[in-house]
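Q: generate a structure from the sequence data that follows.
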Amino acid sequence: MEKENLLTGDRPTGKLHIGHYMGSLKKRVELQDQYNNFIMIADQQALTDNARDPKKIQNSLIEVMLDYLSVGIDPMKSNIFVQSQIPELNELTMHYLNLVSIARLKRNPTVKNEMKEKNFGDSVPTGFFIYPVSQAADITAFKASVVPVGEDQIPMIEQTNEIVKTFNYVYNQNVLNRAQALLPKKGLGRLPGIDGKSKMSKSLDNAIYLSDSSDIIQKKIMSMYTDPNHIRVEDPGQIEDNTVFTYLDAFCSDKHTLSKMKEHYKTGGLGDVKVKKYLNEIIQSELEPIRNRREYYQNNLDYVYKILKDGSNKARSTASQTLFDVRKAIGINYF
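A: As a prediction, the model looks like this:
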C-alpha cells in the first residue's frame, strides 16, 4: 500500500524548546516510517511579522534545523526543506487568493486570535493576514493528505479544504486533494513555561531549550514555579497548577513512583527541592542524547546545509508538478 504524504513544519523565530519536543517533534520521529514526510522550515511565514528583522529568521533557521536532526528526524526518511526556496508556493498562493474573500479571511478564528495577541490592530501586515491561504498552498503543493496540528489550527485545515473544494469546482477538475488534521492524543496539553505561565516564550525567558547545557537545565528546573503555599516541607502541597508536577506528568515514564510522590506531596512531608531534583534527573536523561547529536551536527554544518539544499530541491520537484497541474486546470499553460 502506497504511503500517504504528511506535512509538518515550524516558523524559525528561535530555538525549539521541550514544549515543541513533547508536543510535535517526538511524534514526527514516530511518523517517519508511516508516511512520506515533508518537514518545512517556514521562513516566509515567519517573515510575515518579522520582515523588518530578517536576521532573526536567518539565524534561527539553522538552529531549528539542528534541533530537528538532534531529536532524531532522519533526512533519509523525512524530506526537510526551506519554504522560501520553493517559489512555486508563491504562485499557488496567488491563484488561491483569487478564490478567497477578505470577509472569509477575517472570520478565520486562528488568525483573529493571533492578530489580537500581536496587537496588530489595523496595522496587520497583509502577508500575515493571508497566511491561511499560503498554508493551503504549502499543504496542497506537497499533496499532503495528513497534517499534524493542535486543535487551535483546525480552522487552517478547514480553510485549506474549502479552497480545494472551490478550486476543483470552479475549474471542473479533480486536481487538489483534501487534507485531514492529525490531532495530538487527548491529555497531552501544552507545557507551561517554567514560571507557571500558560506558554513558553523566548521573550519571557521561561523555556527550557533543546540546546541548553545540563547546568542551565538544572538551574532552570530548580527555579520552577510550584505551590506558593507549600512553604515548609511538612506543609500539604497542591498538585494542580504546580509546574513541576505538570512536567513530571509529561516526562516521567514511571507512573507508579510518580503517583506515590504526588500522594506524599499532597499529605505533606515532601519538599519542593526533592521533587525538582527528581524532575532534573528525568529531563537530563531525556535530553542528553539530543544534546550529543546536536553537538555532532553543529560541528558538521556543511553537511547540514547540504541536507537542506537537497531536501529543498526534492520538495521543489513535487511542488512544480502540482503547480503545472493547477496552471493546466486554470488554462494558463499557454506555451
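
Q: which stretches in the stretch 1-150 of the chain count as helices?
A: 18-20, 26-31, 43-47, 54-71, 88-97, 102-107, 109-117, 126-129, 131-141 (DSSP state H, counting those that start in this stretch).

Q: any idea how far stretch 191-203 is from the middle of the chain?
A: Put simply, stretch 191-203 sits 16 Å off its chain's centre (CA atoms, centre = their mean, to the nearest Å).

Q: pull out the buried positions in that stretch.
A: 191, 192, 193, 194, 195, 196, 200 (16 or more other CB atoms under 10 Å). (C-beta placed from N, C-alpha, C; glycine too.)

Q: so can I have CSV of these showing distance to residue 165?
A: Listed next are these as CSV, based on distance: CB to CB, whole Å:
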residue, distance to residue 165
191, 36
192, 38
193, 40
194, 44
195, 44
196, 43
200, 36
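
Q: all strands for the protein, in order.
A: Per DSSP state E, the chain carries strands over the ranges 5-10, 36-41, 78-82, 144-148, 180-182.

Q: with distance to residue 132 and mean neighbour count added, can I get those strands in JSON lines?
A: What follows is the strands of the chain, written out as JSON lines (distance: least, CB to CB, whole Å; neighbours: other CB atoms under 10 Å):
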{"stretch": "strand 5-10", "distance to residue 132": "15", "mean neighbour count": "22"}
{"stretch": "strand 36-41", "distance to residue 132": "15", "mean neighbour count": "24"}
{"stretch": "strand 78-82", "distance to residue 132": "21", "mean neighbour count": "23"}
{"stretch": "strand 144-148", "distance to residue 132": "13", "mean neighbour count": "20"}
{"stretch": "strand 180-182", "distance to residue 132": "14", "mean neighbour count": "15"}
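
Q: could you export the ones you listed as a markdown table, including distance to residue 247 and mean pLDDT?
A: Output for the strands of the chain, formatted as a markdown table (distance: least, CB to CB, whole Å; pLDDT from 0 to 100):
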| stretch | distance to residue 247 | mean pLDDT |
| --- | --- | --- |
| strand 5-10 | 21 | 95 |
| strand 36-41 | 26 | 97 |
| strand 78-82 | 27 | 97 |
| strand 144-148 | 22 | 95 |
| strand 180-182 | 25 | 94 |
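
Q: redo those strands as TSV? Include distance to residue 96.
A: What follows is the strands of the chain, written out as TSV (distance: least, CB to CB, whole Å):
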stretch	distance to residue 96
strand 5-10	16
strand 36-41	17
strand 78-82	20
strand 144-148	15
strand 180-182	19
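
Q: how about those, which one is nearest residue 93?
A: Closest to residue 93 of these is strand 36-41 (CB to CB; 14.0 Å).

Q: the closest one pairs with which strands?
A: strand 5-10 (parallel), strand 78-82 (parallel) (DSSP bridges).

Q: thinking residue 152 is in contact with residue 110, fair?
A: Yes: counting by CB atoms under 8 Å, residue 110 is a contact partner of residue 152 at 6.1 Å.

Q: those two: who's more crowded?
A: Between residue 152 and residue 110, counting by other CB atoms under 10 Å, residue 110 is the more crowded of the two (19 against 12).

Q: what does stretch 207-227 contact?
A: 15-21, 63, 66-67, 70-71, 193-196, 200-201, 237-238, 242-244, 247, 272-273, 275-276, 279-280, 283-284, 287-288, 290-291, 294 (CB atoms under 8 Å, 6 or more residues apart in numbering).

Q: contact partners for the spatially closest residue to residue 305 that is not a sequence neighbour?
A: Among residues not flanking residue 305 along the chain, residue 62 sits closest, at 7.9 Å (CB to CB, 6 or more residues apart in numbering). Applying CB under 8 Å, 6+ apart to residue 62 gives the contacts 301, 304, 305.

Q: most surrounded residue in those residues?
A: residue 304 leads the contacts of residue 62 on contacts (other CB under 10 Å) with 19 neighbours.

Q: give the contact list for that one.
A: Residue 304 neighbours (CB under 8 Å, 6+ apart): 62, 65, 66, 69, 297.

Q: can you tell me how far the last one is from residue 17?
A: Using CB to CB, to the nearest Å, residue 297 is found at 18 Å from residue 17.

Q: likewise the third one?
A: To residue 17, residue 66 is 14 Å away according to CB to CB.

Q: also residue 68?
A: Distance, residue 68 to residue 17, by CB to CB: 14 Å.

Q: between the two, which has more neighbouring residues?
A: Applying other CB under 10 Å to residue 68 and residue 17 shows that residue 68 carries more neighbours, namely 27 against 23.

Q: so that one sits against residue 39, correct?
A: Yes: with contact defined as CB under 8 Å, residue 68 counts as touching residue 39 (6.8 Å).

Q: give the residues shared as contacts by the two.
A: residue 80.

Q: farthest pair within the buried residues of stretch 191-203?
A: It's 191 and 195 that sit farthest apart of the buried residues of stretch 191-203, by CB to CB, at 12.1 Å.

Q: contacting residues for residue 320?
A: Per CB under 8 Å, 6+ apart, neighbours of residue 320: residue 88.
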